[in-house]
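Q: dropping a prediction and its sequence here:
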Amino acid sequence: MLLVIDNLSHSFGGLAALTNISIVVPEHQLLGIIGPNGSGKTTLFNLITGMYRASSGSIRLKGQELVGRAPAAITRMAVARTFQNIRLFKTLSVLDNVRIARYGKAACGPFDTLFRTGRFLKEEGLIIDQAMELLTLFELDRYVEAPAGSLPYGQQRQLEFARALATDPVLLLLDEPAAGMNPYEVGKLNEQLQWVAKRFALTIILIEHHMGLVMEVCQRVVVLDFGVVIAEGTPEEVRNDPRVIDVYLGKGS
Amino acid sequence: MLQLGSIYALIALGYTMVYGVLQMINFAHGDIFMLGAFMCFFSLTVLKTSLGQTLLISMFGAALLGVMTERFAYRPLRYAPKVSAIITALGVGMFLENFTLALSPYPKHIPSVFNGKQLVMGGLTMSSLQVLTIVLAVGLMIVLDIIVFKTKLGMALRAISSDAAIVPLMGISVNKVVSMTFAIGAGLGGAAGTLYAIAYPVIDPYMGVMVGWKAFISAVIGGIGNIRGAMLGGFILGFVEVFAAVLLPSTYRDVVAFSLLMILLIYRPYGLLGRPKTLKV
Ligand SMILES: Nc1ncnc2c1ncn2[C@@H]1O[C@H](COP(=O)(O)OP(=O)(O)OP(=O)(O)O)[C@@H](O)[C@H]1O
Ligand SMILES: [Mg+2]
C-alpha cells in the first residue's frame, strides 16, 4: 500500500470536519473522492499535505508517518497537490512557477549559486530543460515568460498541474481539476489524467464533483458525507449504492 | 548627497525585504544599523582591523543579530495578529538601544581611517571617502539585485511575497528563506552602520532612530516590498534632504523628508514602483 489513512479525524474548534476516516490507496491507483459541499474532501488533502495537523489518527506514506511533519518535508517525500481555487505564484513567470518546484530538491547551496560554479550552471541548465519539457507537454511553452497570473483560466489550471508534477511526486492530489470546465475541456482532462498517470507512474487521488469524469477515470471511489466515509467501491458499485443516491438525490431535489 | 542616499538605500533594503516576505515592518532595523556602527567602532579600536575587515565584521555581526531577532522574537508570533509583531519589533528596538546604552553610556568617536584626499571628477569635487561609500553601497546593491532576480533564494523570496502559504508545497522551507532574508537585510544594515560611522564619526545608541525612520520613508517612497524601489527611494530622499539643507535652514531637513512622504502617499499610495496588491478571495 502506498498510502494508509487510519482513523483520521479533524475538527475546527467544535466543528468535526472529518471523523474516523480510514482509506488505503495501493500504488498506481486512481482513487476518486466525491461528496457534497463541506463534506471534508479538501480538509483531507490539507491533512495529507501537512497544511493542517490532524486532531487524531495517522497517515502513512510507504510506512512513514506524515502527521506532524512540515509541509515542505512531506512534499520532499513526493506528495504534490493542486488547489480547488487555483493557486499560482501570479507575479512570477510561467517558467519560474515550474522551476521553483524543482528547487526544493536541487543540490546546490548558496555558494554554488552566488559564484555560478560549474555544478550550479549544470544543475540550473538541467532544471530549465526539465521545466521546458513539462511546459511543452502541457502546451504552455508559448507562455514561458508571461506572468502566471496573466494566463487564461484553463492554462492556469494546466500550469498548476505541471508545477505539481515538477516536484516529482509519487502521490498526486488533485482538488476539483474539472471545476469551471466545459464538456470539451473535461474530455481533454480525462485523457490527460490517464496518460499523465502512466507516464509519471503516479498514484492519484482525485476530488471531483464531475461524476462522469470520476466514473471514467477512477478505479475506486470513496464517498464522504459530513466528514464520514459512507461508501466505497468501484465506480459502478458506488453509483448504485442507496446511501450515495440518497445523499446526492436527497440534497439535489 | 549620493553618500547619504546610498546609506538610506542600504538600510531601506532591510525594511523592504522583510516586508516582502512577512508583510511586517521591522521597526528594530534602525537599531541593527546602529549596532553596525558600534561594531565598526569596536572593530577599529579594539581589534584594530582594516577598513575592509571592519566592514565584514559589522556585516556578519549585524546579520547574526538580525537572524537571532527573527528566530527568538518574531518567529513565535508569525501567525499572531499584525499588531503583536509591530509591538514586538518596537520592543526589540528599545531593547537594543538600552542594551547598547548600558554598555556605552557616552557617545563614541570613530577614529579616522581616511585621509581627506579630494577627488575631482568633471566639475564635481568629492572626498575619497564619499566615493568609497557610494561604490561599496552600489556594489552591495548590485549583488543583492543578482541574488533576488537570478538565484534560487531570490526566486523563493519572490515566491513568498507572491503566495507564502504554498511555498512549502514546492519542498522549500519558508523558515530558512526568512532567516536568509533577515541575514541579508541586517547585513546590509550593518554595512550602512559602518559606512555612516566613518562619515559621521560620533555615534550613540539612539542614532538608529531617526536614520531608521528616514530609511523606512525611503522604502515607502519606492514602494515597500519592492527591492529596486527601496534603492531608488533612498537616493531620492538623500537628494531631497541635502538640497533642502542648502535652500532652507538645516533644521527643516526632517520636515522636508516627512512632508515628501506625505505628499507622495497622497498621489501614489503604493510608492513609486509599488503595485497595489489585489485582495485574495
Ligand atoms: N480553515 C477552516 N476553518 C474552519 N472551518 C473549516 C476550515 N476549512 C474547512 N472548514 C469546514 O470544514 C468542513 C469541510 O470543509 P472542506 O473544505 O473540507 O469541504 P469540501 O468537501 O472540500 O467542500 P467543497 O466541495 O465545497 O470544496 C466545512 O464545514 C468547512 O466549513
Ligand atoms: Mg473542497
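A: Perfect, I can see it now. Ligands and ions are numbered 1, 2, ... in the order given.

Q: in chain B, where's the longest helix?
A: Longest among the helix segments of chain B by residue count, using DSSP state H, is helix B:174-199.

Q: gap between whichever helix or strand comes after that helix and the chain center?
A: Sequence order places strand B:202-203 as the next helix or strand after helix B:174-199, per DSSP states H and E. Offset of strand B:202-203 from its chain centre (CA atoms, centre = their mean, to the nearest Å): 18 Å.

Q: now do the next helix or strand after strand B:202-203 against helix B:174-199, angle only.
A: Using DSSP H and E, the helix or strand that follows strand B:202-203 towards the C-terminus is helix B:207-222. Counting by axes from the mean of the first three to the mean of the last three CA atoms, to 10 degrees, helix B:207-222 points 120 degrees away from the direction of helix B:174-199.

Q: what residues sit buried inside the helix or strand that helix B:207-222 is followed by?
A: Next helix or strand after helix B:207-222 toward the C-terminus (DSSP H and E): helix B:227-247. With burial defined by 16 or more other CB atoms under 10 Å in any protein chain shown, the residues of helix B:227-247 counted as buried are B:227-238, B:240-242, B:244. C-beta coordinates here come from the backbone N, C-alpha and C atoms, glycine included.

Q: in the stretch 101-250 of chain A, which residue sits nearest chain B?
A: In the stretch 101-250 of chain A, the residue that lies nearest chain B is A:G104 (2.2 Å; CB to the nearest CB).

Q: what about the closest residue to that residue other than its chain neighbours, how many residues nearby?
A: Nearest-residue entry for A:G104: B:G171, 2.2 Å, with adjacent residues in sequence omitted and distances by CB to CB, 6 or more residues apart in numbering or on different chains. Counted by other CB atoms under 10 Å in any protein chain shown, the residues lying close to B:G171 total 26.

Q: equivalent analysis for A:Q192, please.
A: 17.

Q: now swap in B:Q23 and tell me
A: B:Q23 has 14 nearby residues by other CB under 10 Å.

Q: for B:V202, same thing?
A: The local packing of B:V202 (other CB under 10 Å) involves 11 other residues.

Q: partner residues bridging it?
A: With DSSP bridges applied, B:V202 shows beta-bridge pairing to B:H109.

Q: surely it is in contact with B:P107?
A: Yes. Counting by CB atoms under 8 Å, B:V202 does reach B:P107; the two are 5.2 Å apart.

Q: re the thing from before, can the longest helix of chain B be found next to chain A?
A: Yes. Helix B:174-199 lies within reach of chain A by CB under 8 Å from any CB of the partner chain, at B:174, B:180.

Q: packing partners of that helix?
A: In this structure, helix B:174-199 packs against helix B:2-22, helix B:29-45, helix B:51-69, helix B:128-150, helix B:152-163, helix B:207-222, with contacts taken as 3 or more CB pairs under 8 Å, 6 or more residues apart in numbering or on different chains; DSSP states H and E.

Q: give me the phi and psi angles of B:P107.
A: phi -60, psi 150 (degrees, to the nearest 10).

Q: what separation do you get for the nearest residue to it once chain neighbours are set aside and B:F60?
A: Of all residues not flanking B:P107 in the chain, B:D204 sits nearest, at 4.3 Å (CB to CB, 6+ apart). As judged by CB to CB, to the nearest Å, B:D204 and B:F60 stand 23 Å apart.

Q: likewise A:L8?
A: A:L8 is 47 Å from B:F60, by CB to CB.

Q: and for B:D163?
A: For B:D163 relative to B:F60 (CB to CB), the value is 32 Å.

Q: same check, this time on B:A137
A: Taking CB to CB, one finds B:A137 at 17 Å from B:F60.

Q: likewise B:A73?
A: 20 Å.

Q: for the worst-scoring helix or strand of chain B on mean pLDDT, which helices and strands make contact with it?
A: Sorting the helices and strands of chain B by mean pLDDT, DSSP states H and E puts strand B:118-121 at the bottom, at a mean of 71. Contact partners of strand B:118-121 among helices and strands, from 3+ CB pairs under 8 Å, 6+ apart: strand B:124-127, helix B:128-150.

Q: the shortest one pairs with which strands?
A: Pairing partners of strand B:124-127, with direction, according to DSSP bridges: strand B:118-121 (antiparallel).

Q: before we move on, the earlier item: could the helices and strands packed on helix B:174-199 go into JSON lines alongside mean pLDDT and distance to chain A?
A: As requested, the helices and strands packed on helix B:174-199 are arranged in JSON lines below (pLDDT from 0 to 100; distance: least, CB to the nearest CB, whole Å):
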{"stretch": "helix B:2-22", "mean pLDDT": "93", "distance to chain A": "11"}
{"stretch": "helix B:29-45", "mean pLDDT": "96", "distance to chain A": "21"}
{"stretch": "helix B:51-69", "mean pLDDT": "96", "distance to chain A": "13"}
{"stretch": "helix B:128-150", "mean pLDDT": "88", "distance to chain A": "7"}
{"stretch": "helix B:152-163", "mean pLDDT": "91", "distance to chain A": "4"}
{"stretch": "helix B:207-222", "mean pLDDT": "94", "distance to chain A": "17"}
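
Q: export those helices as JSON lines, with columns for distance to A:E123 and mean neighbour count.
A: Shown next, in JSON lines, are the helices and strands packed on helix B:174-199 (distance: least, CB to CB, whole Å; neighbours: other CB atoms under 10 Å in any protein chain shown):
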{"stretch": "helix B:2-22", "distance to A:E123": "24", "mean neighbour count": "27"}
{"stretch": "helix B:29-45", "distance to A:E123": "34", "mean neighbour count": "26"}
{"stretch": "helix B:51-69", "distance to A:E123": "26", "mean neighbour count": "21"}
{"stretch": "helix B:128-150", "distance to A:E123": "14", "mean neighbour count": "17"}
{"stretch": "helix B:152-163", "distance to A:E123": "10", "mean neighbour count": "22"}
{"stretch": "helix B:207-222", "distance to A:E123": "33", "mean neighbour count": "25"}
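
Q: out of these, which is closest to A:R99?
A: Nearest to A:R99, of all the helices and strands packed on helix B:174-199, is helix B:152-163, at 6.9 Å by CB to CB.

Q: any idea how far that closest one is from the chain center?
A: Offset of helix B:152-163 from its chain centre (CA atoms, centre = their mean): 20 Å.

Q: near ligand 1 at all, the one helix or strand A:V24 maps to?
A: Per DSSP H and E: A:V24 is located in strand A:15-25. Yes. Applying CB under 6 Å from any ligand atom, one finds strand A:15-25 touching ligand 1 at A:15, A:17.

Q: before we move on, the earlier item: what does the residue nearest to A:G104 show for phi and psi?
A: phi 80, psi 10.

Q: was I right about it contacting A:P71?
A: No. Here B:G171 does not reach A:P71: they are 9.0 Å apart, not a contact under CB under 8 Å.

Q: returning to that earlier point: so which of the helices and strands packed on strand B:118-121 gets nearest A:I59?
A: Closest to A:I59 of the helices and strands packed on strand B:118-121, according to CB to CB: helix B:128-150, at 36.7 Å.

Q: what packs against the closest one?
A: helix B:2-22, strand B:118-121, helix B:152-163, helix B:174-199, helix B:227-247.

Q: hey, what's the residue of the stretch 151-253 of chain A found nearest ligand 2 bridged with?
A: Going by CB to the ion, ligand 2 is nearest to A:D175 of the stretch 151-253 of chain A, at 6.0 Å. Taking DSSP bridges, one obtains A:I207 as the residues bridged to A:D175.

Q: for B:V177, see how far away B:G30 is.
A: 24 Å.

Q: kindly report the same for B:I166.
A: 13 Å.

Q: give me the distance between the helix or strand where B:V83 lies and the centre of its chain.
A: B:V83 belongs to helix B:82-103 when assigned by DSSP H and E. Per CA atoms, centre = their mean, the displacement of helix B:82-103 from the mean C-alpha position of its chain is 16 Å.
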